[in-house]
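In: let's see this in three dimensions:
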Amino acid sequence: MAPNRMMSELDFTKTQLGVLFIIILLAVDSVNPVKMFMHVFPSVAPWHIATIMLLLMFYIFVSEMKELLYFSVKIFFHSILSIFFRDVQIIGRDNIPRHGPVIFTSNHANQFIDGVTVLCTCEHKISYLVAEKSWNRRIIGDISWAMGAVPVKRAQDSAKKGTGTVLMQRSKDNTKETGEEESSAPKLIAVEGMGTLFLSELAKSDKIRLPNSSMAFKVIRVDSETSLQVEDADESLVLPAESGSFDILKHIDQKIVYEKVLEKMAHGGAIGIFPEGGSHDRTDLLPLKVGVALIAYSALEQDGLSIPIVPVGLNYFRSYHFRGRAIVEYGRPTFVDPSTLSAYKTGGTEKRRVCNELLQRIQDSMRSVIVSTPDYETLELIHTARRLYERKDQTTSEKQDLSRRFAEGYKQLLLRTAGKPPQQWLSLQSRLISYQSELNELGIRDYQVPGLRHEKVDIDGDTVLREMRIPYHIVHLVLMLLLAALPTILLNFPVGIIARLYANRRRKVALANSKVKVKGLDVVLSEKVVICIVLVPTLWFAYGLALKLFTNLDGPSIALIIMSLPICSYMGIVVAQAGMVGLKDLRPYVMRLFPSARRRLAALPAARKELQEDLREFIRELGPSLGEIYYGKDLDWAAIKEESRSKVTTTGEPTTSKDDKKEK
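Out: You can find the predicted model right below:
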């Protein structure tokens with residue numbers, strides 16, 4: 001990872017030169033200042049100087065403990081990312097304010113890894129809001145404390161099943177008997193209970209949640225054991241037509257949390273928040289919680305600070321796999337409109353209105369730094385279309401921008417056609433899916449297809465072996481795997497197997513306890529990291545103990561071996577990755593041994609070219625009607641997302657994801 005993610009390049013160079021200079025002083029006795037001092041003053045023993053230095057180190061550590069802990073843990077996180085990801089790229093660093101308080105809002109697609117990724121790619125010292133449930137876990141809680149995180153108790157973590165069943169219906173008189181002025185009264189939903197105990201189980205400001213849903217309704221008034229009123233926060237939400245069970249989420253006063261957060265920001269600190277509430281493995285954002293808006297308005301009200309709210313897009317590729325790839329994109333900050341502060345102070349409906357408006361703008365800004373689609377199938381379709389459409393090698397930023405253009409264009413196409421796109425697109429879509437499936441079956445990547453133009457079909461297997469140099473590739477692969485074998489088998493393999501089994505078990509538990517996860521894949525990599533933090537040092541200690549008990553090696557030799565284990569382990573990872581890449585690259589060569597596969601490979605370049613031309617022609621026809629998405633260069637994606645949301649709100653949702661259908 002680049003050195004300037006922790007410090008500037010100049011500081012990194014100074015540090016390198018300083019360390020090398022100190023090593024020279026230690027290596028040459030004639031220029032070693034300590035030994036020169038003891039030569040001049042023979043009465044001074046080495047332990048005298050060592051004791052004084054140790055006391056000074058202890059004093060500095062105690063006085064700067066929090067800063068040193070943060071810096072040390074951040075270095076540790078960098079090593080974690082470099083091990084578990086083969087590449088982490090950053091876009092939009094210039095959008096981060098250099099000074100003053102900042103609120104970072106991120107999508108939450110990879111549990112604990114999300115916070116680690118932001119911390120390691122941002123120069124600000126960030127204090128994250130961490131769920132109390134995670135805070136109380138060993139390792140996670142210890143690291144969170146060291147990083148200055150703020151624990152937050154969440155209602156959903158202590159949710160319990162309510163007695164009986166409920167039927168919800170929107171009230172005809174949405175403002176009656178709420179105890180508020182008509183202009184500030186919330187709109188209501190009447191809840192009728194069957195066999196319920198509302199008076200004993202619920203109170204004002206508690207929430208009820210329907211099964212298989214993340215949406216919770218705030219209790220405005222409890223009338224009887226079988227009747228209550230809840231707030232209608234989303235009038236577009238379709239209520240169930242039949243009665244069903246419900247969960248109870250007790251109200252939690254977050255006053256202390258807000259005070260801690262506001263105090264940090266008043267001193268110029270940065271806060272990290274995941275406004276979706278919990279992590280998930282969907283391809284779009286969940287509805288945002290109102291907490292981030294309340295924090296922003298409270299800072300403006302109490303301290304007069306209009307704090308920049310910077311969206312962070314965490315885009316993962318093979319997110320739950322070892323050695324995946326990540327793109328971290330920082331977007332343009334959103335600010336609280338000072339003219340709305342009076343409405344916030346008014347309270348009631350006005351306060352809810354301005355908070356919801358800010359929340360919508362934050363959500364639009366967060367969507368501006370990710371590629372949001374209804375489901376994974378659509379996301380894969382978008383990436384396939386983008387690869388075929390692009391005409392030159394593009395930067396990471398340009399690829400992300402083009403993917404968003406495709407995703408937004410696809411959304412608008414569905415919106416305009418009421419979810420029934422033209423046959424021309426349906427045919428293209430089917431061909432794109434078939435093309436990608438063919439690539440997957442043949443074990444080849446899209447960028448390799450143009451190189452197959454001269455693929456020979458009518459040749460025998462011996463000629464293939466000779467011309468394609470398959471023996472050479474096999475020997476190269478075997479050498480790579482042999483180099484990785486010893487460190488991998490001794491250091492990485494045992495930990496990897498246990499981590500995989502542990503993470504899968506945790507995934508099943510998380511999926512069973514969640515209302516929003518699809519497969520629970522968002523927790524897999526985080527749980528692998530957590531168990532590896534424990535198992536890897538334990539394995540090294542076990543090897544050290546074995547060397548001490550069963551060999552004649554002295555202490556320094558054993559210490560040197562133990563200190564070499566991290567390097568050997570990392571080298572094993574790098575070489576094993578090269579071997580796996582070689583194994584994947586070998587598959588197309590092996591497939592050439594079979595006549596049917598050679599025919600399929602030879603047909604790919606022409607099929608790709610035809611599909612590419614048809615796709616570009618379709619976009620040329622549709623593109624001008626999309627306006628800025630087609631013609632614009634530097635797009636304001638937050639504004640585009642806001643405009644798109646307004647259209648959807650007016651005309652209705654253009655499509656429903658497969659995940660949402662399953663949830664419903």
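In: got a list of what the closest residue in space to residue 626 that isn't next to it in sequence touches?
Out: In space, and not counting its chain neighbours, residue 626 is closest to residue 409: 5.5 Å by Cβ to Cβ, 6 or more residues apart in numbering. Placement of C-beta: from N, CA and C, glycine included. By Cβ atoms under 8 Å, 6 or more residues apart in numbering, the contact set of residue 409 is 619, 622, 623, 626, 629, 630.
In: again, only this time at 10 Å
Out: Contacts for residue 409 (Cβ atoms under 10 Å, 6 or more residues apart in numbering) come out as 382, 385, 619, 622, 623, 625, 626, 629, 630.
In: swap in residue 40?
Out: By Cβ under 10 Å, 6+ apart, residue 40 has no neighbours at all.
In: circling back to that earlier point, now, of the contacts of residue 409, which are buried?
Out: Among the contacts of residue 409, those buried by neighbour count (16 or more other Cβ atoms under 10 Å) are 382, 385, 619, 622, 626, 629.
In: which helix or strand contains the third one?
Out: Read that as residue 619. If you go by DSSP states H and E, residue 619 is part of helix 595-626.
In: would you tell me what the next helix or strand after that helix is?
Out: helix 628-631.
In: list the contacts of that following helix.
Out: So helix 628-631 is in contact with 404-409, 412, 619-620, 622-624, 635-637, 639-640, 643-644, going by Cβ under 10 Å, 6+ apart.
In: list the contacts for residue 622?
Out: 409, 412, 413, 416, 422, 424, 425, 630.
In: thinking again about what came up before, distance to residue 435 and pLDDT added to the buried ones among the contacts of residue 409, as CSV?
Out: Listed next are those as CSV, based on distance: Cβ to Cβ, whole Å; pLDDT from 0 to 100:
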residue, distance to residue 435, pLDDT
382, 14, 93
385, 10, 93
619, 16, 93
622, 20, 90
626, 24, 88
629, 24, 90
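In: now do the SS call for the residue nearest to residue 352 when sequence neighbours are not counted.
Out: Among residues not flanking residue 352 along the chain, residue 186 sits closest, at 7.0 Å (Cβ to Cβ, 6+ apart). Three-state call for residue 186 (DSSP: H, G, I helix; E, B strand; the rest coil): coil.
In: residue 186 reaches residue 348, doesn't it?
Out: Yes: taking Cβ atoms under 10 Å as the definition, residue 186 is a contact partner of residue 348 at 7.8 Å.
In: who's more crowded, those two?
Out: With neighbours defined as other Cβ atoms under 10 Å, residue 186 and residue 348 compare such that residue 186 has more, 19 against 15.
In: tally of neighbours for residue 191?
Out: 24.
In: doesn't it belong to a helix?
Out: No: with three-state DSSP as the criterion, residue 191 is assigned strand and is not in a helix.
In: quick one: the helices in the stretch 101-250 of the chain?
Out: Ranges of helices in the stretch 101-250 of the chain, per DSSP state H, counting those that start in this stretch, are 112-121, 132-135, 140-146, 198-201.
In: is it true that residue 210 touches residue 515?
Out: Yes: Residue 210 is in contact with residue 515 according to Cβ under 10 Å; the separation is 9.3 Å.
In: between these two, which contacts overlap?
Out: Joint contacts of residue 210 and residue 515 (Cβ under 10 Å, 6+ apart) are 216, 247.
In: so where's the protein uncertain?
Out: Residue ranges of the chain with pLDDT under 70: 1-9, 171-185, 454-487, 576-589, 647-664.
In: distance between the ends of stretch 518-527?
Out: Stretch 518-527 has an end-to-end distance of 17 Å (criterion: Cα to Cα, to the nearest Å).
In: buried subset of the contacts of helix 628-631 as a ChimeraX selection?
Out: To isolate the buried members of the contacts of helix 628-631 in ChimeraX, using 16+ other Cβ under 10 Å:
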select :404,405,406,407,408,409,412,619,622,635,637,640,644
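In: list of residues touching the one helix or strand residue 509 maps to?
Out: Applying DSSP H and E as the criterion places residue 509 in helix 493-512. The contact list for helix 493-512 (Cβ under 10 Å, 6+ apart) reads 111, 278-281, 320, 322, 485, 487-488, 492, 517-532, 534-536, 538-539, 542, 569, 572-573, 576.
In: residue 268: neighbour count?
Out: For residue 268, the count of nearby residues is 13 (other Cβ under 10 Å).
In: ok, now the one 3 residues further on?
Out: One way to gauge burial is a neighbour count; for residue 271, by other Cβ under 10 Å, it gives 27.
In: tell me the SS of it?
Out: Residue 271 ends up strand, using three-state DSSP.
In: ok, which stretches of the stretch 401-550 of the chain are helices?
Out: 423-442, 461-467, 470-487, 493-512, 524-550.
In: can you tell which of these is closest to residue 606?
Out: Shortest distance between residue 606 and the helices of the stretch 401-550 of the chain, using Cβ to Cβ, is found for helix 423-442: 11.8 Å.
In: tell me where the stretch 251-400 of the chain has strands.
Out: Applying DSSP state E, counting those that start in this stretch to the stretch 251-400 of the chain gives strands spanning 270-273, 309-317, 324-330.
In: just the CA atoms of the shortest one, as PDB, please.
Out: Output in PDB follows, covering the C-alpha atoms of strand 270-273 (Å, rounded to 0.1, in the frame of the first residue of the first chain):
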ATOM      1  CA  ALA A 270     -13.700  13.400  12.700                       C
ATOM      2  CA  ILE A 271     -16.500  11.000  13.200                       C
ATOM      3  CA  GLY A 272     -17.300   7.900  11.200                       C
ATOM      4  CA  ILE A 273     -20.900   6.600  10.900                       C
END
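In: each with direction, which strands does that strand pair with?
Out: Paired strands of strand 270-273, with direction, are strand 102-106 (parallel), strand 126-131 (parallel) (DSSP bridges).
In: what about the strands in the stretch 1-150 of the chain?
Out: 85-91, 102-106, 126-131, 150-152.
In: redo those as TSV? Include mean neighbour count.
Out: Converted to TSV, these look like this (neighbours: other Cβ atoms under 10 Å):
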stretch	mean neighbour count
strand 85-91	19
strand 102-106	24
strand 126-131	22
strand 150-152	21
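In: now those in TSV, with distance to residue 551?
Out: TSV is the format used below for the strands of the stretch 1-150 of the chain (distance: least, Cβ to Cβ, whole Å):
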stretch	distance to residue 551
strand 85-91	36
strand 102-106	49
strand 126-131	44
strand 150-152	46
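In: who wins for proximity to residue 307 among those?
Out: strand 102-106 (5.5 Å).
In: can you state the direction angle for that closest one and helix 112-121?
Out: Following axes from the mean of the first three to the mean of the last three Cα atoms, to 10 degrees, one obtains 140 degrees for the angle between strand 102-106 and helix 112-121.
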